[in-house]
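Enquirer: sequence-free structure coming up:
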């Protein structure tokens, strides 16, 4: 085998390996991910009542991370950093239920109503202000996607938006 044939075969194997790993990572079975906190498979139904929901006068912020059945590495990263930013930035509010984190698969039939309620079309981080047991306003944190590769900027952005929602009346 001459050098030209050897390099052709090496290049072919390299390209084949790249294609294999691309398809495996983006379309294959997703490996189990480390879960930072329990994650519901569906949003709680109206019959499910948490501590904060049992007090109708309570104003709280729910941070929803909406995703599909399969999540790309960027989606999983955005979810993990956002969840950790809220949990680490507002531990007392998380414990009291003033701030809640919910990861919701909007491809599940029981959760599809969220797509129209919050005008979402893909994985999204949405803050919802709930007063007297009813959602009053929401904000899709679209900028999170622009800065998701910068963990520090993402954490700061998410915390600032949550603080603003807690302080807004």
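Expert: Yes, it's here. The model shown is predicted, which means the values in this text are computed figures rather than measured ones.
Enquirer: sec struct for residue 70, please.
Expert: coil (DSSP: H, G, I helix; E, B strand; the rest coil).
Enquirer: tell me the pLDDT at it?
Expert: pLDDT recorded at residue 70 is 85.
Enquirer: roughly how far does it sit from residue 107?
Expert: Plainly put, residue 70 is 9 Å away from residue 107 if you go by CB to CB, to the nearest Å. Every C-beta, even on glycine, is put in place using the N, C-alpha and C of the backbone.
Enquirer: which of the helices and strands in the chain ranks last by mean pLDDT?
Expert: Lowest mean confidence among the helices and strands of the chain (mean pLDDT, DSSP states H and E): helix 3-27, at a mean of 69.
Enquirer: can you list the low-confidence ranges for this protein?
Expert: 17-18, 20-57, 168-169 (pLDDT under 70).
Enquirer: 90 instead?
Expert: 1-59, 68-72, 74-75, 106-123, 131-134, 136, 145, 148-149, 165-169 (pLDDT under 90).
Enquirer: what's the closest non-adjacent residue to residue 85?
Expert: Leaving out its chain neighbours, the residue that sits closest to residue 85 by CB to CB, 6 or more residues apart in numbering is residue 155, at 4.0 Å.
Enquirer: sec struct for that neighbour, please.
Expert: Residue 155 - assigned by three-state DSSP - is helix.
Enquirer: what about it, neighbour count?
Expert: Residue 155: 18 surrounding residues under other CB atoms under 10 Å.
Enquirer: swap in the one 10 residues further on?
Expert: By other CB under 10 Å, the residues close to residue 165 number 20.
Enquirer: so how far is residue 98 from it?
Expert: Taking CB to CB, one finds residue 165 at 11 Å from residue 98.
Enquirer: can you list residues touching both of the two?
Expert: residue 61 (CB atoms under 8 Å, 6 or more residues apart in numbering).
Enquirer: now the helices for this structure?
Expert: For the chain, the helices defined by DSSP state H occupy 3-27, 73-89, 91-96, 113-117, 143-147, 151-167.
Enquirer: among those, which comes closest to residue 123?
Expert: Closest approach to residue 123 among the helices of the chain (CB to CB): helix 73-89, 4.5 Å.
Enquirer: the closest one: how far from the chain's middle?
Expert: 7 Å (CA atoms, centre = their mean, to the nearest Å).
Enquirer: start at 791, not 1
Expert: With 791 as the first residue, the last one maps to helix 863-879.
Enquirer: pretty sure residue 938 contacts residue 871?
Expert: Yes: Residue 938 is within contact range of residue 871, at 7.3 Å (criterion: CB atoms under 8 Å).
Enquirer: alright, that wraps it up for me.
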